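# Build me a model:
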Amino acid sequence: MIIPRSNMLIWGRIGKSHIPSRSFLSSNSFSLQNGCVFFALLLSLSLLAGCGDNIRATGKVVYSDDKSPLTAGVICFETPTFMARGPLQPDGTFRIGSLKDSDGLPAGTYSVYIMDAIKIIGTDKDGGSIIEPLIDEKITSISTTDLILEVTPSMKYFEIEVERYKPKTGTRR
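Numbers count the residues shown, from 1 in each chain. Okay, the predicted model is just below:
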């Protein structure tokens, strides 16, 4: 089998013959095709490095009636193409992350909602959990929230007030 030298990135042993090793960037092996691959790799790394420009948004979620903290749930900041979130701590505070905890998010306008803000109030006859929402359902989904926040380098701490859950009259649990 004959392999043209210009298409090889790293030379090595082929069958019983020995070909000396060559560097990727040596003048004989660095072709236009390899240059394009190398450029694409550098571009990808620079885009990932741009994630370092994220804003480390933090805040606190409290009930509007008495300013006590919401102690359960996950707060989500979302656009049509991006989502970041952070778990609520026992004191109601949060730090937003996208790829990992608290790595922040890009500046922009976000729809904000809170998932899993529930408490377990018992078990049913089959051993399943009976849950009760802690907050008004309008802020528990991207499709129903009316909370819009602008994240900027100067606006990165948010104190968010939410309404407590109120069971609808005439409904049974």
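# quick one: low-confidence parts of this structure?
1-52, 170-173 (pLDDT under 70).
# in it, which strand has the most residues?
Longest strand in the chain, counting residues (DSSP state E): strand 108-115.
# In its sheet, which strands sit next to the next helix or strand after that strand, and in what direction?
Sequence-wise, the next helix or strand downstream of strand 108-115 (DSSP states H and E) is strand 118-123. The partner list of strand 118-123 in its sheet, established with DSSP bridges, is strand 129-133 (antiparallel).
# Tell me which helix or strand comes right after the strand it pairs with.
strand 147-151.
# That next one packs against which elements?
strand 108-115 (3 or more C-beta pairs under 8 Å, 6 or more residues apart in numbering; DSSP states H and E). C-beta here means a position set from N, CA and C on the backbone, and glycine is covered the same way.
# Sheet partners, orientation included, of the strand it packs on?
strand 74-78 (antiparallel), strand 147-151 (antiparallel).
# Report the secondary structure element holding the closest residue to T93 other than its chain neighbours.
Of all residues beyond its chain neighbours, the one nearest T93 is K60 (4.9 Å), with distances taken as C-beta to C-beta, 6 or more residues apart in numbering. Assigned by DSSP H and E, K60 falls within strand 58-63.
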